[in-house]
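> Any chance you could fold what I've pasted below:
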Amino acid sequence: MDRRLRNRIVIFLALAAVFAYFLVWEIGRKPAAKIAAVTPTRENLVSSISSNGKVEPISPYVMRARLDTFVKKIYVTEGQKVKKGQLLMELNVKEAAAQLAETRAKLLSAQDDLKAARAGGKVDEAAKITTDLAKAEAERDRLQHDHDVLVKMAAAQAATKEDLAANRQKLVNANAEVTRLLAVKQEFDRQVGLDAEKGELQVQQILSDMAALEDKVGDGRIVAPADGTLYSMPVKANDYVKVGDLLAEMADLHKVRVRAFIDEPDLGAVEVGEPVVITWDALPNKSWAGTTEVIPKQVVPHGTRSVGELLCAVNNDKLELLPNINVNVRINSKEHRNVLAVPRGAVAYEGGHRYVYVVEQDQLGVGKATLEKREIQVGIADATSYEVLSGLKEGEMVALPGDTDLHDGMTVQVVNTNAA
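Sure thing, here's the model as predicted:
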């Protein structure tokens with residue numbers, strides 16, 4: 001080989017070595033975030049979703065005030081079991097009762113007036129008009145007969161013209177009186193018809209007012225609409241209540257419903273009919289069994305969380321779970337054996353996708369590595385781990401979150417490694 005060519009090759013290799021040295025030195029100078037990482041392992045996972053929830057009665061009965069008044073007397077206590085029809089409390093309906101008695105008296109008077117109108121008017125008034133008309137007609141007929149007789153007598157010169165004229169005037173007056181009394185009778189009959197129509201409307205109005213007042217008086221007696229437990233009674237004797245104010249709530253509490261607030265990322269793993277375990281901090285040594293019933297159809301804000309409201313049926317035979325208490329909910333669904341699992345803390349969620357930061361070891365041997373943001377598909381999950389379906393291989397190392405925000409392409413130094 002030509003000596004000059006050989007020397008050039010040696011110089012080139014020397015320069016490359018120097019460049020590599022300075023490159024390694026420069027990389028070593030850059031600060032690298034110190035992180036912990038784990039290597040996913042194979043595990044047996046039992047899918048379990050833990051959250052919080054609130055106890056609700058399944059078919060509650062809510063009793064509200066239907067008039068503005070005072071609470072007169074209370075016959076039961078909150079938490080008491082009651083029977084259908086049992087008197088719970090009485091409201092003060094003294095004013096309504098007095099109005100009802102007055103309205104009943106008005107009804108009797110109105111019914112009498114209507115009866116009279118339907119019979120042709122008041123008896124004394126109708127009788128007077130009929131009698132006066134009959135007398136006037138009889139007088140007219142008598143004068144008409146006298147007129148006819150006087151006409152014949154005048155023709156035979158047996159009566160004077162003055163007698164005929166005087167009788168004629170009386171007949172004219174009698175006809176006028178009959179006409180007047182006929183008009184009076186027609187007006188009386190017309191008024192009787194109007195009074196009958198008015199009376200019918202008045203009776204109907206009074207009946208309607210009576211029904212409303214009877215409802216008010218009846219609303220003063222608050223009774224249990226069914227057998228159950230009176231779990232809420234926010235009023236006491238002598239309290240003033242307005243229309244719509246809550247008086248009492250009751251239900252059959254042997255079976256209750258728990259409204260569980262499931263975080264959005266966990267909703268995909270929830271199905272109908274899965275077993276549920278309910279615990280309550282007030283009774284830490286007890287638990288209640290249930291099943292999932294209604295899967296949420298939407299996601300709603302709940303404080304700082306985005307949740308779906310899952311409804312669960314829970315057996316409450318001993319009536320220990322009370323409406324509106326806050327409980328803990330654990331849903332056990334599926335078991336998968338010998339699956340690749342990664343800690344929940346290593347999995348991030350964004351825009352409907354889950355991803356991890358895979359540690360790519362640096363090839364320069366300086367103890368540093370680079371993070372690769374990689375989307376993964378997960379299966380079931382328990383309290384600590386996710387099942388990995390795709391996107392991650394056995395033996396790959398995954399970064400754990402710490403004080404520093406992780407991002408794609410980030411240079412890191414792994415200071416702590418553990419199996420998942």
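> Wasn't residue 66 part of a helix?
No: under DSSP: H, G, I helix; E, B strand; the rest coil, residue 66 falls outside any helix and is assigned coil.
> In space, what's closest to residue 281 - neighbours in sequence excluded?
Spatial nearest neighbour of residue 281, excluding adjacent residues (Cβ to Cβ, 6 or more residues apart in numbering): residue 328 at 7.4 Å. No exception for glycine: its C-beta is placed from N, CA and C like everyone else's.
> Could you double-check that the one you found lies in contact with residue 55?
No: contact criterion Cβ atoms under 8 Å: residue 328 and residue 55 do not qualify, at 11.4 Å.
> For these two, indicate the residue with more neighbours.
residue 55 (21 against 16; other Cβ atoms under 10 Å).
> if I look at the more buried one, how far off is residue 228?
15 Å (Cβ to Cβ, to the nearest Å).
> ok, now residue 32?
From residue 32 over to residue 228 (counting by Cβ to Cβ), the distance is 66 Å.
> Tell me which of these two has more neighbours.
residue 228 (21 against 18).
> from what I can see the more buried one touches residue 249, true?
No: if you go by Cβ under 8 Å, residue 228 and residue 249 don't touch, sitting 9.7 Å apart.
> Over to residue 112. Which of the three states is it?
Quick answer, by three-state DSSP: residue 112 is helix.
> burial count for it?
11.
> any idea how far residue 202 is from it?
Here the criterion is Cβ to Cβ. By it, residue 112 lies 11 Å from residue 202.
> Domain map for this protein?
1-27, 28-45+337-419, 50-59+251-335, 62-88+222-250, 93-219 (automatic domain parsing).
> before we move on, the earlier item: show me what the helix or strand harbouring the residue nearest to residue 281 is packed up against.
Using DSSP states H and E, residue 328 falls within strand 326-343. The helices and strands touching strand 326-343, judged by 3 or more Cβ pairs under 8 Å, 6 or more residues apart in numbering; DSSP states H and E, are strand 41-57, strand 255-263, strand 275-280, strand 369-381, strand 385-390.
> can you pull the buried residues of the next helix or strand after it?
Toward the C-terminus, strand 326-343 is succeeded by strand 348-350 as the next helix or strand (DSSP H and E). Neighbour-count burial for strand 348-350, with 16 or more other Cβ atoms under 10 Å as criterion, is recorded at no position.
> just stretch 251-259 next, same as before
251, 252, 253, 256, 257, 258, 259.
> Surely the fifth one touches residue 315?
Right, the one you point to is residue 257. No: using Cβ under 8 Å, residue 257 is not in contact with residue 315; the gap is 11.3 Å.
> Tell me the one among the buried residues of stretch 251-259 nearest to residue 289.
residue 258 (11.3 Å; Cβ to Cβ).
> Which strand residues bridge that closest one?
residue 55, residue 312 (DSSP bridges).
> quick one, what contacts it?
53, 54, 55, 56, 276, 278, 290, 311, 312, 314, 327, 329 (Cβ atoms under 8 Å, 6 or more residues apart in numbering).
> Can you tell me which of these are buried?
53, 54, 55, 56, 276, 278, 290, 311, 312, 314, 327, 329.
> Export the residues you listed as CSV, with columns for pLDDT and distance to residue 393.
What follows is the buried ones among the contacts of residue 258, written out as CSV (pLDDT from 0 to 100; distance: Cβ to Cβ, whole Å):
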residue, pLDDT, distance to residue 393
53, 96, 38
54, 96, 43
55, 96, 45
56, 94, 46
276, 93, 35
278, 95, 39
290, 93, 40
311, 96, 40
312, 95, 38
314, 95, 42
327, 97, 41
329, 95, 35
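> Which one of those residues is nearest to residue 213?
Relative to residue 213, and with distances defined as Cβ to Cβ, the nearest of those is residue 56, at 36.7 Å.
> Run a quick neighbour tally on the closest residue to residue 394 other than its chain neighbours.
In space, residue 394 comes closest to residue 340 once its chain neighbours are excluded; the distance is 6.3 Å by Cβ to Cβ, 6+ apart. A count of neighbours around residue 340, defined by other Cβ under 10 Å, yields 22.
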